[in-house]
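Colleague: coordinates only, sequence not included:
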């Protein structure tokens with residue numbers, strides 16, 4: 001493993017980045033809603049992650065909603081050249097703890113353009129379809145992101161919470177740069193893991209510590225190393241709002257703080 005990049009390196013969306021990334025869902029209030037109670041701590045987590053060599057940060061417009069993208073801009077803009085900033089569109093938030101897919105092409109376009117403004121960038125490095133909306137044809141949802149890619153507003157397209165069949169269908173419309181699904185020791189079975197390995201698609205496990213439930217039983221090292229050992233295409237994104245916990249995550253895969 002590289003001493004410079006936590007967990008070693010992987011190429012995602014054309015950028016060589018740390019295999020250990022940072023999830024940002026916890027940088028919000030209860031119910032993944034509104035601003036975090038410790039705003040200064042949230043800024044510190046983001047800045048410290050980059051200082052410690054994490055070059056893959058994962059966000060979503062639904063986190064807050066909109067809160068995390070604003071925090072990222074406030075904390076890190078102008079962004080380092082080697083930073084991969086991923087975000088997601090396609091989920092709306094009627095209230096705390098409530099998530100609803102919305103994949104109409106006009107909505108996805110508006111969501112991407114709003115993320116561009118919040119992050120203060122002219123294109124999104126990697127934009128995931130956060131969830132497939134079952135009421136809208138998948139071809140239309142991926143097609144909307146492809147149109148934005150052609151326009152230069154998205155560099156690479158990802159998919160989240162998808163099956164191999166859905167990845168295959170989406171890949172017929174646009175190259176899929178990454179897949180983000182739930183995977184951890186408690187939830188170890190996802191056929192998309194092998195499918196992505198066979199197609200050389202980076203696989204980004206969300207909830208790698210099972211929302212913190214694994215930490216009290218095993219600590220963070222065992223579940224993170226279990227994921228990293230599944231294949232070189234695996235790049236977990238543990239989330240934290242605690243700078244000390246962040247340091248512990250990095251120490252678990254590098255031996256350094």
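Modeller: On my side now, so go ahead. If you're wondering where the values come from, they're calculated on a predicted model, not measured in any experiment.
Colleague: so residue 95 touches residue 33, yeah?
Modeller: Yes. Residue 95 lies in contact with residue 33 (CB atoms under 8 Å); the separation is 7.3 Å. In this view, the C-beta of every residue, glycine as well, is placed from N, C-alpha and C.
Colleague: Have a look at these two and say which one is more surrounded.
Modeller: Just comparing residue 95 and residue 33: by other CB atoms under 10 Å the higher neighbour count belongs to residue 33, 16 against 8.
Colleague: any weak-confidence spans in this protein?
Modeller: Residue ranges of the chain with pLDDT under 70: 1-4, 212-216, 218, 256-257.
Colleague: same thing but at 80, please
Modeller: Across the chain, the ranges flagged by pLDDT under 80 are 1-5, 211-216, 218, 255-257.
Colleague: okay, which residue is most central for it?
Modeller: Nearest to the mean C-alpha position of the chain, counting by CA atoms, centre = their mean, stands residue 58 at 3.2 Å.
Colleague: For that residue, list the residues it contacts.
Modeller: Counting by CB atoms under 8 Å, 6 or more residues apart in numbering, residue 58 touches 21-24, 86-88, 180, 204, 206, 237.
Colleague: mind checking which helix or strand residue 103 is in?
Modeller: Using DSSP states H and E, residue 103 maps to neither a helix nor a strand.
Colleague: ok, now how distant is it from residue 132?
Modeller: With the distance defined as CB to CB, to the nearest Å, residue 103 ends up 7 Å from residue 132.
Colleague: what do you get for residue 159?
Modeller: 8 Å.
Colleague: Common neighbours of the two, please.
Modeller: Common contact partners of residue 159 and residue 132 (CB under 8 Å, 6+ apart): residue 166.
Colleague: the more surrounded of those two?
Modeller: It is residue 159, of residue 159 and residue 132, that has more neighbours when counted by other CB under 10 Å, with 31 against 22.
Colleague: Wait, a helix at the more buried one?
Modeller: No. With DSSP: H, G, I helix; E, B strand; the rest coil as the criterion, residue 159 is strand rather than part of a helix.
Colleague: Tell me the secondary structure at the residue of the chain positioned farthest from its centre.
Modeller: Most distant from the centre of the chain: residue 217, at 24.9 Å, with distances by CA atoms, centre = their mean. Classification of residue 217 using three-state DSSP returns helix.
Colleague: pretty sure residue 53 contacts residue 9?
Modeller: No. Residue 53 lies out of contact with residue 9 (CB under 8 Å); the separation is 10.3 Å.
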